[in-house]
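Student: With the input below, show me the fold.
(2 chains)
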Amino acid sequence: MKDELAKLVDWIDAGGMSRRAFLGRASALGLAAALGTSLLPGQARAEEPKKGGVLKIGLGGGESTDALDPGLADGPVSFNVNRQWGDTIVNVSPTKEVEPRLAESFASNDDSTVWTFKIRKGVKFHDGSEMTVDDVVATFKRHSDENAKSGAYGIMQGISDIKADGDNVVFTLSTGNADLPFLLADYHLVVQPKGGADNVNAGIGTGPYKVKTAEPGVRYVFEKNADDWDTTRGHYDGVEFLVINDTTARTAALQSGQVHMINRVDPKVAKLLSRAPGVQVKSVAGPGHYVFIMHCDKAPFDNKDLRLALKYAINRQELVDKILDGYGSVGNDIPINKSYPYFDESLPQREFSIEKAAEHYKASGHDGSPIELIVADGAFPGAVDAAALFQATAKQAGIPLEIKRVPDDGYWSDVWNVKPFCASYWGGRPVQDQMYSTAYLSTADWNDTKFKNKEFDDLIIAARAETDEAKRKEIYSKVAHILWEEGGVICPMFNDFIDGVSDTVAGWIEDPNLDQMNGFASAKTWFA
Amino acid sequence: MAHPILKLVAQRVALGLLLLLAASVLIFIGTQILPGDVAQAILGQSATPETLANLRAELGLNEPVVSRYFSWLFGVLHGDLGTALSNGQPIAPALGARLANTLFLASCAAVIAVPLAVLLGLVSVRYRNRWPDKLISAVTLATISVPEFLLGYIVIFFLAVQYRLLPSLSTVYDGMTLGERLYAIGLPVIVLVLAVLGHMMRMTRAAILNVMQSAYVETAELKGLRPFTIIARHAFPNAIAPVVNVVMINLAYLVVGVVVVEVVFVYPGMGQYLVDHVSKRDVPVVQACGLVFAGVYIGLNLIADIVSILANPRLRHPK
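Tutor: Have a look, this model is predicted:
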């Protein structure tokens, strides 16, 4: 391991690796971040953050219908807006550990059914009032209410009781869940005064920046929260978001210096942009993945051999190279990759194989009629092209795929989860349990592959309450093997989050959770 | 003298109102044909049958279509555009701000494009079939043929990224001075001018050339007037009617048809506002935008009609 570390330090000296990437790798080697820092050579050692300036960020994925209600946040813009003015009680760190935020510490009982979060004291909301334990309880109760339409409603389902107990908030669960802190880091669960009972759209929170102007779909202006409880963040005097949905316009805004950062850089231009003067492209592998989903309960996809035939007939590497232009990694027909805790490396990578595809296709006894695959570019960027590549490789194995292209509009209501074979996208979840519970349990509302397997369900439930880490990993390994073999999901690739950043900005950290450093870009960076 | 014109205007206005009503019915039917509804659009991937049913009841979507239409119509006739279903905000202020932005951009483009088009038309006629005429035609036809988004990207590339003369983002907001606003919308104005110039210029040229065959133009020539004076003073006034019609169509286009330009330059106009709400199936907002757009079209056509009448002595002084 020491050799490995020395190699990394040499590499930084040679200019081959950023300081942050070094820290990432160092922690992957099991080193504490502090140790890594002390080993850094002079030039790469930490700079002191500088204060001041107004950071401008150009973001795609916002609409004029967006609200400030944190529970309704459903796109990159509203997510990033939440991050400016609000805080969650805990957060998932770039290295996938739960870090305390508005909660100072947390603990559970032995079977993970009762969780106690100690709430920080002396934290002030933007309106000057003091945050209390009751505000935290009210926040979680609101998100548990069906009528609040919160995006975190599903997460709150497993919680049977939330109550205040002195400085603590106590969550009682109906069945044990060792992952609860990960779930409570969900970005919808922003603590608001009285849980938002007065005005859920007020934008009053405890975050590093206060909302000054909010024009949904156009622009947001924030100013520094002078009373911020966390003095290690929020280095800018102000932050401005400009909603720029057009990719080319977003890229041009960064290049012409009108904004300092952009999100969602098109993979097709990322390499070109990285060569442009004054800007850098930051890409990080995340849990989001592109999929083709088959309904396991509808003909012809109810035949396991046919599903396997299609899984073998897709050339994953080709899709990563051509659709993501290399900004991604190959998938393995499960929704989990190495960005998740307890990921099982023993699962073999399914390779593209015309022989195996043809063999399974023959075994399925399919009549050779065209198999309809429905796609729209709104399913994921490049979905139509990806389907065409899939069609071409399937044809080599004698599988007749027929692509039906439909408009983006209405795709999520009329095609996804309705038609038996279509393209789709999952943003990923912080933990395996949540990903599987959301989309692969027999009882899940969004079981978009109609995958129903008793053994699989039982394993997921068992893993949830299992506190022994080794056993937990073993269970998730079994789960992965079952889905890999039996499931209706063809997962060709995991996409990277690609952001564009001006050279004037320092302190960028790779955060694999979500784009814009998991929404903390403005909180943690500064002008060099 | 003004009497027959007043009567005509009254007729046109009444007809316009009827057209507006018909347009609102059409828009309403259109939004009903679209797949999905606002409840599904709001809940998106997180929709379950129960939450859908709750939200539909809350938004009043379970009422019959016809009664929903009439309750909306009742509100509009009382000056109430209602609230947006998607975020619960009143429509009128949001729409008003967007409409003001759209009109600002459209009028800036029009103030440059209309006189320029007419002038270029006059010049083309003066030098018809010679190189200035051919050059003007070639350039304006080329810019009208290039899709607007491409024109947008081209001007961004040269004027914003390469030479940094004008900003590539045209976001305008409250608190900006007029000068700042004009600077911000520089690029979209250029694109819009290029997009509408050709049509108006060609029409001016054709209409004047038509008049140039008349006997009185020949008389003017024989009087020894300068060619440009003949065109501007004698021919152009008689060619106004068709030119005004084309100008009005282009003005209407500048108001209602520029969503692509708005997206490319991130301009907060009505087009993007409408598109966002169509994708959310937010019927009241779509209706309100549709009504405004239809009103703009009908109003501008009305003006075109009136101007044509005023420009034509035979219509101005009926026997």
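
Student: which stretches of the stretch 101-250 of chain B form strands?
Tutor: Under the criterion DSSP state E, counting those that start in this stretch, the stretch 101-250 of chain B carries no strands.

Student: relative to its centroid, which residue of chain A is most remote?
Tutor: Among the C-alpha atoms of chain A, the one most distant from their mean position (CA atoms, centre = their mean) is that of residue A:367, at 40.1 Å.

Student: what sits against whichever residue of the stretch 101-250 of chain A sits closest to chain B?
Tutor: Relative to chain B, the nearest point of the stretch 101-250 of chain A is residue A:218 (4.3 Å; CB to the nearest CB). All C-beta spots, glycine's among them, are computed from the backbone N, C-alpha and C. Contact partners of residue A:218, counting by CB atoms under 8 Å, 6 or more residues apart in numbering or on different chains, are A:64, A:242, A:243, B:171, B:173, B:266, B:268.

Student: next one: phi and psi at the last one?
Tutor: Spelled out, that is residue B:268. Per-residue torsions, residue B:268: phi -80, psi 70 (degrees, to the nearest 10).

Student: One more: the third one?
Tutor: Main-chain torsions, residue A:243, degrees, to the nearest 10: phi -80, psi 110.

Student: And the second one, by the same measure?
Tutor: Comment: the main-chain dihedrals of residue A:242 come out as phi -120, psi 130, following degrees, to the nearest 10.

Student: Number of residues surrounding it?
Tutor: Using other CB atoms under 10 Å in any protein chain shown, residue A:242 has 23 neighbouring residues.

Student: repeat for the fourth one
Tutor: One way to gauge burial is a neighbour count; for residue B:171, by other CB under 10 Å, it gives 22.

Student: Please report phi then psi for it.
Tutor: Residue B:171 adopts backbone torsions of phi -60, psi 130, taken as degrees, to the nearest 10.

Student: try the first one
Tutor: Torsion angles at residue A:64 (phi, psi; degrees, to the nearest 10) stand at phi -70, psi -10.

Student: Relative to residue A:72, how far out is it?
Tutor: According to CB to CB, to the nearest Å, residue A:64 and residue A:72 sit 14 Å apart.

Student: low pLDDT regions in the stretch 201-319 of chain B?
Tutor: Filtered on pLDDT under 70, the stretch 201-319 of chain B yields the residue ranges B:318-319.

Student: who are the neighbours in contact with the spatially closest residue to residue B:108 that is not a sequence neighbour?
Tutor: Spatial nearest neighbour of residue B:108, chain neighbours left out: residue B:189 (5.1 Å); criterion: CB to CB, 6 or more residues apart in numbering or on different chains. For residue B:189, the contact set (CB under 8 Å, 6+ apart) comprises B:105, B:108, B:109, B:112.

Student: near chain B, which residues of the stretch 1-150 of chain A show up?
Tutor: A:58, A:63, A:64, A:65, A:66, A:67, A:72, A:74, A:146, A:147, A:149 (CB under 8 Å from any CB of the partner chain).

Student: Tell me the one of those residues nearest residue A:437?
Tutor: Residue A:437 lies nearest to residue A:146 out of these, by CB to CB, at 18.1 Å.

Student: The longest strand anywhere in chain A pairs with which strands?
Tutor: Using DSSP state E, we find that the single longest strand of chain A is strand A:279-294. Sheet pairing for strand A:279-294, assigned by DSSP bridges, gives strand A:421-426 (antiparallel), strand A:489-502 (antiparallel).

Student: Past it, which element shows up next along the chain?
Tutor: Using DSSP states H and E, the next helix or strand after strand A:279-294 towards the C-terminus is helix A:304-312.

Student: so what does the following helix or strand past that next one touch, helix or strand wise?
Tutor: Per DSSP H and E, the first helix or strand lying C-terminal to helix A:304-312 is helix A:316-322. Here helix A:316-322 touches strand A:328-330, helix A:383-396, strand A:489-502, going by 3 or more CB pairs under 8 Å, 6 or more residues apart in numbering or on different chains; DSSP states H and E.

Student: contact partners of helix A:316-322?
Tutor: So helix A:316-322 is contacted by A:326, A:328-331, A:350, A:352, A:385-386, A:389-390, A:393, A:492-493 (CB under 8 Å, 6+ apart).

Student: Which pair in these has the greatest spatial separation?
Tutor: Farthest apart among the contacts of helix A:316-322 by CB to CB are A:350 and A:385. That separation is 21.4 Å.

Student: where does the residue nearest to residue A:284 when sequence neighbours are not counted land on pLDDT?
Tutor: In space, and not counting its chain neighbours, residue A:284 is closest to residue A:510: 4.5 Å by CB to CB, 6+ apart. At residue A:510, the predicted lDDT confidence score is 91.

Student: Residue A:340 too?
Tutor: Turning to residue A:340, the model gives it a pLDDT of 88.

Student: Tell me who's in contact with it.
Tutor: Residue A:340 neighbours (CB under 8 Å, 6+ apart): A:96, A:287, A:431, A:432, A:435.
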